[in-house]
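**Q** Here is my input, please return the structure:
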Amino acid sequence: MTLPDCKELLLSESDGILTITLNRPHKRNAMNSELVCELMDVFISIKNDQNIRAVVLRGADGNFCAGGDISGMNKDSLSEEAAAKLMWDFNRNFGRMITLVNHAPHVVITMLEGAVLGGGFGLACISDVAITHKDALVALPETGLGLVPAQIAPFVVSRIGITQARRLALLGERLNGTEAQALGIAHYVEEDNSAMEDRLASVLKHIRRCAPGANALTKKLILQVGVIEHETLLDGAADMFAHCLTTQEGQEGTKAFIEKRKPYWANKG
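**A** Numbers count the residues shown, from 1 in each chain. This is a model prediction of the structure:
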């Protein structure tokens, strides 16, 4: 695996765990165009790498992500039409990025602390596991700025349902970590950063017990619910199940169960 060179992200891989740190602390890790493109490049580069068991998304210096950074897009030299196109491209590219991360075959974990706003909220909503600090600030502030949470809203609805999504988007209401967990945005809420790291270690331990190929297919199946017709979905699920029984993972997993030992993937890392 060769990871791309990044300026707005810090990358670290250890024992099959890739940690991606949003590294714009002067902007509370708000995402500019470069960061969005770098995130896409990273997820594209690892798409077929089953040696990566999980991806941990976090932010530098006490904030996860304060949303999108549009401050550098006020180009006085551009025509009104060109400026509008620039903003459209930035917004739509974020949607492509978050869709790519959502469909990543790896387990994606978000570490939510400090500002979890706008696009940061969106990333939380597409993570497989979200661990939050109890004092995190979680919100969709766009409507208060006269904007629309355009690329984020569909993922928020998928995460917490239309009833709660409407309230959060139309009121711009702020949540702390405990409230975010109660709505299903986060899975775990912790008292401090040390407890967050302990929880992360526990989650990674569980992930290593699961076969990476089976996890990837399971994510694919889950994301097809409500998208593919029900009987067609179940036919495809049966195909996945039968296929798994013929793979090295499936054969090893069933053999390890019979022999009362750990499968090979549980001994890595």
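**Q** other SSEs contacting the longest helix along the chain?
**A** The residue-count maximum for a helix in the chain (DSSP state H) belongs to helix 80-102. Where contact means 3 or more CB pairs under 8 Å, 6 or more residues apart in numbering; DSSP states H and E, helix 80-102 is packed against helix 33-45, helix 119-126. C-beta here means a position set from N, CA and C on the backbone, and glycine is covered the same way.
**Q** go with 10 Å
**A** helix 33-45, strand 107-112, helix 119-126, helix 153-160 (3 or more CB pairs under 10 Å, 6 or more residues apart in numbering; DSSP states H and E).
**Q** Mind putting those into a markdown table with distance to Leu86 and mean neighbour count?
**A** Listed next are those as a markdown table, based on distance: least, CB to CB, whole Å; neighbours: other CB atoms under 10 Å:
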| stretch | distance to Leu86 | mean neighbour count |
| --- | --- | --- |
| helix 33-45 | 9 | 19 |
| strand 107-112 | 28 | 26 |
| helix 119-126 | 17 | 27 |
| helix 153-160 | 22 | 18 |
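**Q** where along this structure do the helices fall?
**A** With DSSP H, the ranges of helices along the chain come out as 33-45, 80-102, 119-126, 153-160, 162-171, 177-183, 193-208, 212-224, 230-246, 248-258.
**Q** Now the fifth one: buried residues?
**A** Within helix 162-171, the residues that count as buried by 16 or more other CB atoms under 10 Å are Gln164, Ala165, Leu168, Ala169.
**Q** How much space separates the closest residue to the first one other than its chain neighbours from Lys219?
**A** This points to Gln164. Distance criterion CB to CB, 6 or more residues apart in numbering; nearest residue to Gln164, sequence neighbours excluded, is Leu183 at 5.5 Å. Here Leu183 is placed at a distance of 22 Å from Lys219 (CB to CB, to the nearest Å).
**Q** Asn102 reaches Ala124, doesn't it?
**A** No - Asn102 lies out of contact with Ala124 (CB atoms under 10 Å); the separation is 11.7 Å.
**Q** list the residues that contact both of the two?
**A** Jointly contacting Asn102 and Ala124 under the rule CB atoms under 10 Å, 6 or more residues apart in numbering are Phe155.
**Q** pLDDT score for Asp76?
**A** For Asp76, the model assigns a pLDDT of 67.
**Q** begin at 311 from here
**A** With 311 as the first residue, the last one maps to Asp386.
**Q** residues contacting Phe404?
**A** Applying CB under 10 Å, 6+ apart, we find Phe404 in contact with 341, 343, 345-346, 349-350, 377-378, 428-429, 432-433, 460-462.
**Q** Where does pLDDT dip in the chain?
**A** Where the chain drops to pLDDT under 70, the residues are 382-386, 578-579.
**Q** tell me the centre residue of it?
**A** In the chain, the C-alpha nearest the mean C-alpha coordinate belongs to Ser437, at 3.4 Å (CA atoms, centre = their mean).
**Q** Am I right that that one is in contact with Val418?
**A** Yes - applying CB under 10 Å as the test, Ser437 and Val418 come out as touching, 4.9 Å apart.
**Q** Return every residue with contacts to both of those two.
**A** Residues touching both Ser437 and Val418 (CB under 10 Å, 6+ apart) are Val365, Val366, Leu367, Val411, Asn412.
**Q** Identify the farthest-apart pair in these.
**A** Val366 and Asn412 (16.0 Å; CB to CB).
**Q** ok, Arg477 touching Val467?
**A** No - contact criterion CB under 10 Å: Arg477 and Val467 do not qualify, at 11.7 Å.
**Q** thinking again about what came up before, by neighbour count, which of the shared contacts of Ser437 and Val418 wins?
**A** With neighbours set by other CB atoms under 10 Å, the maximum within the shared contacts of Ser437 and Val418 is found at Leu367, which has 25 neighbours.
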